[in-house]
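# Provide a 3D model corresponding to the input given below.
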Amino acid sequence: MRAYLVRVAVDQTFGGWNSPVDPETNEFVYVPIPEQRAMRAALATPYSLVQPALARFTDTHPAARSRSVQLPSDLTSANMHLDPDFEHLTYGDNGVRRGKGLAGLGRRDIVVFYSGLRPVAACQHRLVYALVGLYRVREVVRLESVAAPRWSENAHTRCIKHVGSDVIVRAERGSSGRLRRCIPIGEFRDGAYRLTHRILEAWGGLSCRDGYLQRSAVPPSLLDPRRFINWFERQGAELVNVNNL
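Below you'll find the predicted structure:
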């Protein structure tokens, strides 16, 4: 078994904003990064799609009312790079450089998604680094092999210009998806956000130095995937096949 830890969702580097999270309940809104490429009009995923989820979050979390969870103006008229797409259970990446390791994944390997979320209430850290989803891989295909009827399933195939060497991960339905409530995993130490010592030990380690969680050129791998899965299953986390509740 192999497993990778992949950072997703809008942040200060890609979008200049962070998705909100309630640090008391771990409920959050999944807001993807901006799309930088032209999209096919019929397949576009505008940020207006997440506005209802942000409004519901504000309505149901009183603490959020005193802190703006409104999208910045430059995003409201833009398209999202909706990836991973938890409704279709896909994730796309560059199959030559950044996602080269993902291209070699096989059935039942693991892709773990995490994000840097902005707490809407008092919290120990400025950002909450947390797991937001998990895929048990069904198959990995090259984008060039994806037929037109399936272009709507992933951000990479929704774009007008296709990069044939990109890879699309398709996950097992029923055992993959977005977390209903995120699982905090990080802390700020030694000048960066990293896995907590406790979780780093529980997982059996990462390929990056000292559990480094801030964006990296290549997604780190989990050194002991089975140990991670045992830990994950003990969390009692619920996976759902929607991008937002």
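# what residues are up against L206?
L5, L195, L200, Y212, P220, S221, L222, L223 (Cβ atoms under 8 Å, 6 or more residues apart in numbering). Bear in mind the C-beta positions are built from the backbone N, C-alpha and C, glycine included.
# Same check on L117?
Applying Cβ under 8 Å, 6+ apart, we find L117 in contact with A9, N18, S19, P20, V21, F28, L127, V128, Y129, A130, V132, C182.
# Quickly find the element holding the first one.
Counting by DSSP states H and E, no helix or strand carries A9.
# sorry, back to before: looking at the contacts of L117, which one is closest to L82?
Proximity of the contacts of L117 to L82 (Cβ to Cβ) peaks at A9, which lies at 10.6 Å.
# Now for that closest one, how many residues are close by?
A total of 24 residues lie near A9 under the criterion other Cβ atoms under 10 Å.
# count of neighbours near the closest residue to it other than its chain neighbours?
In space, and not counting its chain neighbours, A9 is closest to S115: 3.9 Å by Cβ to Cβ, 6 or more residues apart in numbering. Using other Cβ under 10 Å, the number of residues around S115 comes to 26.
# Quick check: what element follows the host helix or strand of S115 along the chain?
Using DSSP H and E, S115 maps to strand 110-119. Downstream of strand 110-119, the next assigned helix or strand under DSSP H and E is strand 128-142.
# So for that following strand, what gets flagged as buried?
Neighbour counts over strand 128-142 (16 or more other Cβ atoms under 10 Å) mark 128-138, 140-141 as buried.
# can you pull the buried residues of the host helix or strand of D59?
When elements are assigned from DSSP H and E, D59 belongs to helix 51-60. Residues A53, L54, F57, T58 are the ones in helix 51-60 that count as buried (16+ other Cβ under 10 Å).
# picking that back up, what's the spacing between the strand holding S115 and its chain's center?
5 Å (Cα atoms, centre = their mean, to the nearest Å).
# do the same with stretch 229-244
13 Å.
# try stretch 47-56
Between the centre of stretch 47-56 and the centre of its host chain there is 17 Å, according to Cα atoms, centre = their mean.
# What's the end-to-end length of it?
One end of stretch 47-56 to the other measures 15 Å (Cα to Cα, to the nearest Å).
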